[in-house]
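> build me a structure from this.
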Amino acid sequence: MKFVLIFGPQAVGKMTVGQELAKVTDLKLFHNHMTIELLEPLFGFSPETWKLSSLFRTEIFKAVAESNLKGLIFTYVWAFDQQEDWDFVDKTSEIFESQGATIYFVELEADIKERLNRNKSPHRLKHKPTKRNIEWSEYELKETMKKHRLNSNKGEIKNKNYIKINNTDLDAREVAEIISEKFNL
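Just a heads-up that it's a prediction; the model follows:
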């Protein structure tokens with residue numbers, strides 16, 4: 001069992017890279033918006049949405065970790081200045097490690113100009129209806145970047161299976177190939 005956590009700021013390309021990585025491996029993709037898009041029409045962006053999203057994710061992680069699947073790719077916006085995000089990553093990693101899985105951390109970073117362009121891409125908007133209000137989505141992207149540190153500092157990630165990729169000028173397939181080769185997925 002393998003668990004690949006792809007993390008980075010909004011619109012850096014986590015889902016798209018995850019989709020390409022799923023194509024070149026036997027790993028399933030569970031991108032973070034899958035639970036958000038399910039719950040937002042019911043509850044908006046409310047405490048109920050975040051509570052249920054967390055519960056759903058945890059139960060899905062447990063089910064996958066105990067399954068016969070080869071592994072899972074999950075995407076996440078990790079705020080490094082928020083202890084609750086560190087706790088979520090630790091808890092999620094433990095779910096998989098307790099079942100003997102190998103954990104891989106893939107951090108993506110890209111220039112803000114490229115992220116703003118990606119935020120409007122038809123592919124992103126197709127898979128993430130909550131991002132279709134571009135004005136709001138761009139505002140949220142910029143505000144989150146001001147409020148939180150969304151990429152790690154050098155040496156901060158201690159996982160031995162870790163790679164940081166600046167994908168500003170790389171397409172998702174290239175990034176997926178780099179990841180697959182680096183970790184022999």
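> tell me the mean pLDDT over the longest helix along the chain?
Counting by DSSP state H, the longest helix found in the chain is helix 47-65. Average pLDDT, helix 47-65: 95.
> what helices and strands are in contact with that helix?
strand 28-30, helix 33-43, strand 71-76, helix 83-97 (3 or more C-beta pairs under 8 Å, 6 or more residues apart in numbering; DSSP states H and E). Heads up, the C-betas are built off the backbone N, CA and C, glycines and all.
> how does it look with 7 Å?
helix 33-43, helix 83-97 (3 or more C-beta pairs under 7 Å, 6 or more residues apart in numbering; DSSP states H and E).
> now the most centrally placed residue in the chain: closest residue in space, sequence neighbours ignored.
Centroid-nearest residue in the chain, with C-alpha atoms, centre = their mean: Thr75, separated by 1.6 Å. Excluding the flanking residues, the one nearest Thr75 by C-beta to C-beta, 6 or more residues apart in numbering is Lys14, at 3.8 Å.
> which strand in this structure runs the most residues?
In the chain, taking DSSP state E as the definition, the longest strand is strand 102-109.
> give me the contacts around it.
The contact list for strand 102-109 (C-beta atoms under 7 Å, 6 or more residues apart in numbering) reads 2-8, 12-14, 17, 93, 96-97, 151-152, 157, 159, 161-167, 179, 183.
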